[in-house]
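What would the 3D arrangement of this be:
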Amino acid sequence: MGGPFRRDRPRFALSAGGRGEALWERTAVALRLAAVWGARVARLARTWVAGGLALVSAIALAQSPSASQRLSPLQTQSAADAQSHRPEASRPLRVAAAASLRGPLDQALADWRDAGGGPSLVTYAGTPALVRQIEQGLPADLFVSADVAWMDHLQSKGALQPGTRRDLLANRLVLVAGSDREALLPVAARTFAAPVELGGAGDGALRTALANWPGSTRLAIAEVTSVPAGRYARGALEALDLWRAWSGRLAMTDNVRAALLLVARGETELGIVYASDARVEARVRVVGVLSESVHPPIRYPAAALAATAHSRTVEALEFLGGPVAIKRFVAAGFSQPPPSPAGAR
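This is a model prediction of the structure:
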């Protein structure tokens, strides 16, 4: 039996006495090994414990506020109460608005902010889509519609704050063509120095041209059953006796800005959009203006929503109907509606 602890001890014969000596040697070796490894384990254990305590202390120190930052239980509760009762006016005013208002409404709300009114967030979409979202819980404080009927619908559901509804703006429908497609237009449509009022005196040449427009030409228009601009356009085409000529070659979109984009990109030759839309797109030109005698007046009603908790919603609505904001809208092609009759909504 050799080993690291035998060194030069003589080997004994395995007699009864020798067996005892061998057993003693094995026991001694085992005890020495146990002592050595026990010492090593103890040193490792002390190191691990010390390191663990240091790590825990460091984490606790990092996460604990300094003495100057610590709050008493009463102060902590007061801070929590202040956070839970943060005034609604400190968050942005949430506005849901018809897609055709993009641009001038952003400018008007920036004017309101600069006048001390605060920030705002605007959701733009087609009016029917916005109404559906509001009914499904869209968080909004103020709604500006491109259609009276959809605002009537929300009012009938109790979704408007009583006494806040007003007709904010008016608009017109125009017939547009791509500005680079002059040569594709019939001669009658190329010779006008200014847009003709379709449905008014002197529109005969353009109406005749539209009635006989080449069959491959398509007309971009907002969806005609639910989107306000599309409904107005269909009514105008019917009144002008042009619906039959165009109903089979419409390119319908879910909002009027999308219809404008089809014309601007050259994907359709003609389109019917709002006058304010044509104003912001350099790639189209106005061929004709549709008379208000051939479709219902286009109004943009606005109202605070019943679900609003923002303390400045009505103030913002008043600002949008004031001279600073109206100047923005008029510059973009909108107009002011006539005053509502006494007793109107």
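
which ones are touching R172?
274-275, 289-290, 292, 298, 335 (CB atoms under 8 Å, 6 or more residues apart in numbering). Any C-beta I mention is one placed from the backbone N, CA and C, and that applies to glycine too.

And it, how far from P92?
To P92, R172 is 32 Å away according to CB to CB, to the nearest Å.

Out of the contacts of R172, name the ones that lie in helices.
Secondary structure defined by DSSP state H assigns A275 of those to helices.

which of the contacts of R172 has the weakest pLDDT?
Among those, E292 carries the weakest pLDDT, at 89.

got the contact list for that one?
172, 298.

Ok, the one 3 residues further on next?
H295 makes contact with 173, 232-233, 235-236, 239 under the criterion CB under 8 Å, 6+ apart.

Buried ones only from those residues, please, as a PyMOL command.
Buried subset of the contacts of H295, written as a PyMOL selection, criterion 16 or more other CB atoms under 10 Å:
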select buried, resi 173+232+233+235+236+239
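
Reformat the contacts of H295 into a markdown table and put pLDDT, secondary structure and distance to R165 next to each item.
Shown next, in a markdown table, are the contacts of H295 (pLDDT from 0 to 100; DSSP: H, G, I helix; E, B strand; the rest coil; distance: CB to CB, whole Å):
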| residue | pLDDT | secondary structure | distance to R165 |
| --- | --- | --- | --- |
| L173 | 95 | strand | 24 |
| Y232 | 94 | helix | 21 |
| A233 | 96 | helix | 25 |
| G235 | 94 | helix | 24 |
| A236 | 95 | helix | 26 |
| A239 | 94 | helix | 28 |
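
shaky segments in this protein?
1-89, 181-194, 340-345 (pLDDT under 70).

which stretches of the chain form helices?
16-63, 73-84, 104-112, 127-135, 148-156, 187-190, 204-211, 228-239, 243-246, 256-264, 275-280, 313-320, 323-331.

circling back: among the contacts of H295, pick out the one closest to G158, please.
Nearest to G158, judged by CB to CB, of the contacts of H295 is Y232 at 27.3 Å.

Just give the closest residue to L138, not the sequence neighbours.
Spatial nearest neighbour of L138, excluding adjacent residues (CB to CB, 6 or more residues apart in numbering): A96 at 6.4 Å.

I'd say that neighbour and E135 touch.
No: between A96 and E135 no contact is recorded; they are 11.5 Å apart, counting by CB atoms under 8 Å.

Looking at the two, which has the bigger crowd around it?
Counted by other CB atoms under 10 Å, A96 and E135 do not tie: A96 has more neighbours, with 24 against 12.

gap between the more buried one and A129?
A96 is 10 Å from A129, by CB to CB.

swap in V287?
To A129, V287 is 29 Å away according to CB to CB.

who's more crowded, these two?
For V287 versus A129, neighbours defined as other CB under 10 Å are more numerous around V287 (22 against 19).

What about P162, how many residues nearby?
Neighbours of P162 (other CB under 10 Å): 10.

Pairing partners for the residue nearest to L138 in the sheet, please.
Bridge pairing for A96 (DSSP bridges) gives the partners T123, F143.

Tell me who's in contact with it.
By CB under 8 Å, 6+ apart, the residues touching A96 are 122-123, 125, 130, 133-134, 138, 140, 142-144.

Try it again at 7 Å.
Listed by CB atoms under 7 Å, 6 or more residues apart in numbering, the contact partners of A96 are 123, 130, 134, 138, 140, 143.

Pick the one among the residues you listed closest to L206.
Of all those, L206 sits closest to L130, with 34.1 Å by CB to CB.

Excluding chain neighbours, what is closest to V122?
In space, and not counting its chain neighbours, V122 is closest to V95: 4.6 Å by CB to CB, 6+ apart.

I figured the one you found was touching S120, is that so?
Yes: counting by CB atoms under 7 Å, S120 is a contact partner of V95 at 5.8 Å.

And those two? Which one has more around it.
Neighbour count, other CB under 10 Å: between V95 and S120, V95 has more, with 25 against 21.

separation between the more buried one and R257?
17 Å.

now A220: how far from P301?
Applying CB to CB, the value for A220 to P301 is 26 Å.

for Q133, same thing?
17 Å.

The two: which has the busier surroundings?
P301 (25 against 15).

dump the residue contacts of the more buried one.
Contacts for P301 (CB under 7 Å, 6+ apart) come out as 145, 148, 151, 165-168.

Please repeat the previous calculation with a cut-off of 10 Å.
Listed by CB atoms under 10 Å, 6 or more residues apart in numbering, the contact set of P301 reads 143-152, 154-155, 160, 165-169, 337, 340, 345.

and the gap between it and L260?
In terms of CB to CB, P301 sits 22 Å off from L260.

nearest spatial neighbour of A149, skipping sequence neighbours?
Per CB to CB, 6+ apart, closest to A149 is P228, 7.8 Å.

list the contacts for that neighbour?
98, 100, 126-128, 145-150, 171, 222, 255-256, 274, 296, 298-300.

Then A211?
By CB under 10 Å, 6+ apart, A211 lies in contact with 240-242, 244-246.
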